[in-house]
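# Quick one, fold the following:
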Amino acid sequence: MGNDSPSNGLAGPRVTPAWWVYKGSGQPPDGPGLLRALPPPPPWRRFNGEPLQESPPAEGIDADRRLGAAGRTIVPPDPQEVDVTNAALVLRRPLLVTGPPGAGKSSLAYRVARELRLGRVLQWRITSHSRLQSGLYGYDAIGRAQATSARDPDTRIGSFIRLGPLGTALLAYDVPRVLLIDELDKSDIDLPNDLLHVFEDGEFDIPELVRLRDREPEVTVYADDPDSKVTVRGGRVRCREFPFVVITSNGEREFPAAFLRRCLRLEMPALREDQLAAIVGAHFTGQADHAVLIRAFVERSRGGNLAADQLLNAVYLLSAEGFTADGSWPRLRDALWRSLGTGS
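I've put the predicted structure just below:
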């Protein structure tokens with residue numbers, strides 16, 4: 001796919017393929033952004049959702065927590081990661097990302113959103129109780145009945161419907177929303193199959209609004225963005241630009257073939273030393289040299305799974321005002337750097 005250097009990212013300069021719209025820097029460019037170079041979708045991934053919604057909200061503090069402030073140190077990308085990510089963007093297909101804990105799987109969604117200026121990342125954290133409808137929307141029928149009994153002046157049905165993160169991502173925006181479906185392998189066994197039609201069709205119905213569409217063709221409901229209301233027409237939510245969906249998995253289970261067929265797959269390796277150094281640089285602006293600590297962390301990682309936030313915890317403690325790395329530091333470091341492997 002245009003690579004002219006090994007996939008470990010350690011080789012010399014690499015020619016950027018002309019078809020890339022995402023460069024992997026995680027930093028917004030000058031000017032209107034790379035999104036304007038996004039080619040039209042394939043004919044089988046074109047949608048015509050209405051009504052057109054307002055632009056997504058800005059990225060907010062969540063991106064800073066994940067990536068550090070914009071404009072700081074750039075984490076060197078892995079060429080294979082950037083290749084597959086661009087393929088998912090161009091083909092309008094979900095990206096299933098697997099790899100060890102702490103490899104930066106969920107951060108990929110935030111890097112793409114920041115670099116392409118796609119706004120706030122929508123996040124759906126999966127548990128064993130997650131169901132498709134909870135990702136699409138919720139309807140508080142009991143709350144509405146109570147409001148009616150109490151003669152509340154606002155009993156409009158839209159005031160009691162809130163779109164979930166998946167439902168919000170499928171609204172008709174003129175740019176793709178970024179949706180992070182985190183740790184799908186923790187889901188109920190049926191959820192991956194339940195997602196198939198939504199991923200294929202780019203739409204879903206809200207039955208409570210479909211029944212009212214002759215009387216109320218347009219209804220204003222809440223979205224999964226802070227203080228956000230959106231318009232739903234005819235009880236159906238249909239995208240205009242299919243969202244960029246990042247689905248993370250720790251590899252704890254196999255997914256159905258029909259689900260995998262609708263996704264592009266990316267296996268992320270453990271972070272390299274230069275990537276860890278860049279992550280530290282993105283979060284800490286001081287001049288302290290953390291190279292020795294980072295190298296020790298890399299050595300420790302070879303004996304068991306460690307996550308980047310365990311390194312950040314150690315750097316923060318060492319940088320904290322009044323903290324002294326005395327004789328207790330080795331014991332504290334061991335506590336911070338406990339392996340994430342089974343039985344640790």
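# Report pLDDT for E252.
Turning to E252, the model gives it a pLDDT of 80.
# mind checking how far it is from V21?
Computed with CB to CB, to the nearest Å, the distance linking E252 and V21 is 32 Å. Using the backbone N, CA and C atoms, a C-beta is placed for each residue, glycine as well.
# Next: L95.
The span separating L95 from V21 equals 14 Å under the rule CB to CB.
# ok, now D225?
From D225 to V21 the distance is 24 Å (CB to CB).
# what do you get for I181?
According to CB to CB, I181 and V21 sit 22 Å apart.
# Who has more neighbours out of the two?
Applying other CB atoms under 10 Å to I181 and V21 shows that I181 carries more neighbours, namely 27 against 18.
# which secondary structure element contains the more buried one?
Assigned by DSSP states H and E, I181 falls within strand 178-182.
# Mind exporting the C-alpha coordinates of the next helix or strand after that strand to PDB?
On the C-terminal side of strand 178-182, the closest following helix or strand by DSSP H and E is helix 191-201. Output for helix 191-201, consisting of C-alpha atoms alone and laid out as PDB, is shown next (Å, rounded to 0.1, in the frame of the first residue of the first chain):
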ATOM      1  CA  LEU A 191     -24.000  -7.300  20.300                       C
ATOM      2  CA  PRO A 192     -21.500  -7.700  17.400                       C
ATOM      3  CA  ASN A 193     -24.200  -9.400  15.300                       C
ATOM      4  CA  ASP A 194     -26.700  -6.700  16.300                       C
ATOM      5  CA  LEU A 195     -24.400  -4.000  15.000                       C
ATOM      6  CA  LEU A 196     -24.300  -5.500  11.500                       C
ATOM      7  CA  HIS A 197     -27.300  -3.900  10.000                       C
ATOM      8  CA  VAL A 198     -26.600  -0.500  11.500                       C
ATOM      9  CA  PHE A 199     -23.000  -0.600  10.100                       C
ATOM     10  CA  GLU A 200     -24.400  -1.600   6.700                       C
ATOM     11  CA  ASP A 201     -27.400   0.700   6.400                       C
END
